[in-house]
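from the sequence below, what's the structure:
(one chain, ligands or ions: 1)
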Amino acid sequence: MNSKSKFFTGLVAAAAIGIAGAASASGEPNAPGAHVHGAGALNVVVEGNDVIMELTLPGADVVGFEHKAESDKDAQAVHEALEKLENAANVFVLPAAAGCAVVEAHAESSLVEETEAHGHANENRHEAEHEAGHGDFGAIYEFTCATPDALKDIEVKLFVLFPSLEEVDVQAVTAKGQWAKELTPSDNRFLLAF
Ligand SMILES: [Zn+2]
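Numbering: from 1, shown residues only. From the prediction side, this is the model:
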């Protein structure tokens, strides 16, 4: 990851913490980062022309297991899933009018050993997940959009990619404020511009 990505990852995390704090104050039951099978999380930050989306999915829904991929078959399944996730067009449909281009799309999973370049910042999180017997997939997407005001209908295709997924909790921060929406297979779209 380059320094810009690290900056944005931090931004997304900070924004998510801000939203989670507000949510718990209002009695929302979902703890930040809770690992629930069937439920994914998508944090979105829009800043000027930049759109950053950070996705977390349970291994159970992506590949059907959450243990370390030790057999060739399991490792293959994880790598295929990572490749699917790293193609942003598999995951999101952004309105053509917004003129968005993918700047970066990167996926990783705690089910496979991470390379030197990855994972140090997330070590504590991964250790916590391993202790609980759970594993997940994470992906971060950076888009630059010529006309962010046209981001009025973003489709999330994760329910097609991973049929056991029942909900994706979106938390977004834009210049207009912050909001949350629970996406489901029958309501898989959200707006970033109003
Ligand atoms: Zn799990």
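
buried residues of stretch 186-194, list them for me.
By neighbour count on 16 or more other C-beta atoms under 10 Å, the buried set for stretch 186-194 is N188, F190, L192, A193. Just so you know, the C-beta spots here come from the backbone N, C-alpha and C atoms, and that holds for glycine as well.

what does stretch 97-109 give?
Neighbour-count burial for stretch 97-109 [16+ other C-beta under 10 Å]: A98, C100, V103, E104, A105, H106, A107, E108, S109.

now do the contacts for the third one.
Under the criterion of C-beta atoms under 8 Å, 6 or more residues apart in numbering, the contact list for V103 reads D50, E142, F143, T144.

how about the residues of this structure by the ion?
P58, E66, H134 (C-beta under 5 Å from the ion).

list the residues that contact the last one.
Translated: H134. H35, P58, G59, E66.

okay, the buried residues of stretch 186-194 in a markdown table with pLDDT and distance to L82 next?
Below are the buried residues of stretch 186-194 laid out as a markdown table (pLDDT from 0 to 100; distance: C-beta to C-beta, whole Å):
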| residue | pLDDT | distance to L82 |
| --- | --- | --- |
| N188 | 98 | 22 |
| F190 | 96 | 24 |
| L192 | 91 | 26 |
| A193 | 84 | 30 |
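
redo these as CSV? Include distance to L158.
CSV is the format used below for the buried residues of stretch 186-194 (distance: C-beta to C-beta, whole Å):
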residue, distance to L158
N188, 8
F190, 12
L192, 17
A193, 21
